[in-house]
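>>> sequence and predicted structure, then a few things I'm wondering about:
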Amino acid sequence: MAERVQTAFAFAGPTPEAPPPRGRARPARRASVRRAAVPQEQLDLGVPDEAARQRLAHRIAAHLKGGRLALAITDNRYTMIAVKRERGLYRVRLHHMFLSAEPAVIRALGRYIAENDRQASEVLGRFIDSHQGRIRRVPPRPTATPAIETRGQVHDLREIFDELNRRCFGGRITAQITWSGARHRRPRHHCSIKMGSYSVEDRLIRVHASLDRAFVPRYFVEWIVFHEMLHQVQDIPVVCGRRRFHTRAFRAAERAFLHHERASRWEKAHLAELLTY
């Protein structure tokens, strides 16, 4: 059975690009390890010629201990390296930044492809970090300004936000906050509820309108708002091409909230009521 291994050498973004259809790859032949000479304008466009792809394949194959190499060059904005190991064959997709990589990086590629070597992974990570300028950037699409509604029938989000910002964050949080989600005239039971969310790009916190009810205590709404505010001050690492919002450090910071345990117990006891809106 094929083993799919995708590196953590990826960058955050919306939905990752789908890989192009794969054709039959020609087995790599051993050859000299001359440095690929690719015109800079082709590198910038991510459109290498076939000769450049073959030269890179030959350079990498020289460092593989057995096994054939099927190499594809991509202009993917999110995944820089992807490896699929099959019996006797390595299917590899590399970003075009590797076309002119120095010998040390090529050796690291060989070790990583064949052995998933950790030290080689660190070398490749540093190479990618230093060549981010070659990753194609897409300008953000203009979006409509979201409607901001902070004063609810029971709870005032602006008041809660400002108090938490002063007391817990020293005024550092610059996000906006609003109620979101529909409350039905005739409440019905739902299977799930997203009580809060934080948009990194828009710096916008949304709190579900189901929490704006008399039976929901203020400290519980504060807990939800505090959780979303944390996202602006906690690191959001990218692992395997996906943003990881709730790291160990994030969970530790969340537990520092004054009413964390109390709010957690209340949620478990009243979840059925929260799901009816």
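Happy to help now that I have it.
>>> which parts of the stretch 1-150 of the chain are strands?
Counting by DSSP state E, counting those that start in this stretch, the stretch 1-150 of the chain has strands at residues 3-6, 68-74, 81-86, 89-95.
>>> dump stretch 86-106 to CSV, restricted to CA.
Below are the C-alpha coordinates for stretch 86-106, written out as CSV (Å, rounded to 0.1, in the frame of the first residue of the first chain):
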residue,chain,number,x,y,z
GLU,A,86,5.5,3.4,-3.5
ARG,A,87,7.3,0.1,-3.9
GLY,A,88,10.4,0.9,-6.0
LEU,A,89,9.1,4.4,-6.8
TYR,A,90,9.2,7.8,-5.2
ARG,A,91,6.5,10.2,-6.5
VAL,A,92,7.6,13.7,-5.6
ARG,A,93,6.1,17.2,-6.2
LEU,A,94,8.4,20.1,-5.6
HIS,A,95,7.9,23.9,-5.7
HIS,A,96,9.9,25.5,-8.6
MET,A,97,12.1,27.2,-6.0
PHE,A,98,14.1,24.0,-5.8
LEU,A,99,15.2,24.2,-9.5
SER,A,100,18.3,26.2,-8.6
ALA,A,101,18.9,24.8,-5.2
GLU,A,102,22.5,24.4,-4.1
PRO,A,103,24.1,20.9,-3.7
ALA,A,104,23.6,20.7,0.1
VAL,A,105,19.8,21.2,-0.4
ILE,A,106,19.7,18.6,-3.1
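>>> and that stretch, how far out from the chain middle?
23 Å (C-alpha atoms, centre = their mean, to the nearest Å).
>>> list the buried ones in it?
90-101, 105-106 (16 or more other C-beta atoms under 10 Å). For glycine as for every other residue, the C-beta is placed from the backbone atoms N, C-alpha and C.
>>> need the helices for this structure, in chain order.
Using DSSP state H, the helices of the chain run over residues 40-45, 50-61, 103-115, 118-130, 157-169, 218-230, 248-255, 260-274.
>>> where's stretch 199-206 relative to the chain centroid, distance-wise?
Taking the mean C-alpha point of stretch 199-206 and that of its whole chain, the gap between them comes to 15 Å (C-alpha atoms, centre = their mean).
>>> ditto for stretch 270-277
Distance of stretch 270-277 from the chain centroid (C-alpha atoms, centre = their mean) equals 31 Å.
>>> same check, this time on stretch 263-276
Mean C-alpha position of stretch 263-276 versus that of the full chain (C-alpha atoms, centre = their mean) differs by 30 Å.
>>> hey, C-alpha coordinates of stretch 232-250 in CSV?
These are the backbone C-alpha positions of stretch 232-250, laid out as CSV (Å, rounded to 0.1, in the frame of the first residue of the first chain):
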residue,chain,number,x,y,z
GLN,A,232,-5.1,37.7,18.3
VAL,A,233,-2.2,37.4,20.8
GLN,A,234,-1.4,33.7,20.5
ASP,A,235,0.7,32.2,17.8
ILE,A,236,-1.1,30.4,15.0
PRO,A,237,1.4,27.9,13.5
VAL,A,238,0.9,26.2,10.2
VAL,A,239,1.2,22.4,10.4
CYS,A,240,0.9,20.3,7.2
GLY,A,241,-0.7,23.2,5.4
ARG,A,242,-3.4,23.9,8.1
ARG,A,243,-3.6,26.6,10.7
ARG,A,244,-3.4,25.2,14.2
PHE,A,245,-5.4,27.6,16.4
HIS,A,246,-5.7,25.7,19.6
THR,A,247,-2.1,24.8,20.6
ARG,A,248,-1.0,23.8,24.1
ALA,A,249,0.0,27.3,24.8
PHE,A,250,-3.4,28.6,23.7
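>>> and residue 167, how far is that from residue 226?
Residue 167 is 10 Å from residue 226, where distance means C-beta to C-beta, to the nearest Å.
>>> who has more neighbours, these two?
Counting neighbours by other C-beta atoms under 10 Å for residue 167 and for residue 226 shows that residue 226 has the greater number, 26 against 12.
>>> which residue, other than its chain neighbours, is closest to that one?
Excluding the flanking residues, the one nearest residue 226 by C-beta to C-beta, 6 or more residues apart in numbering is residue 257, at 5.0 Å.
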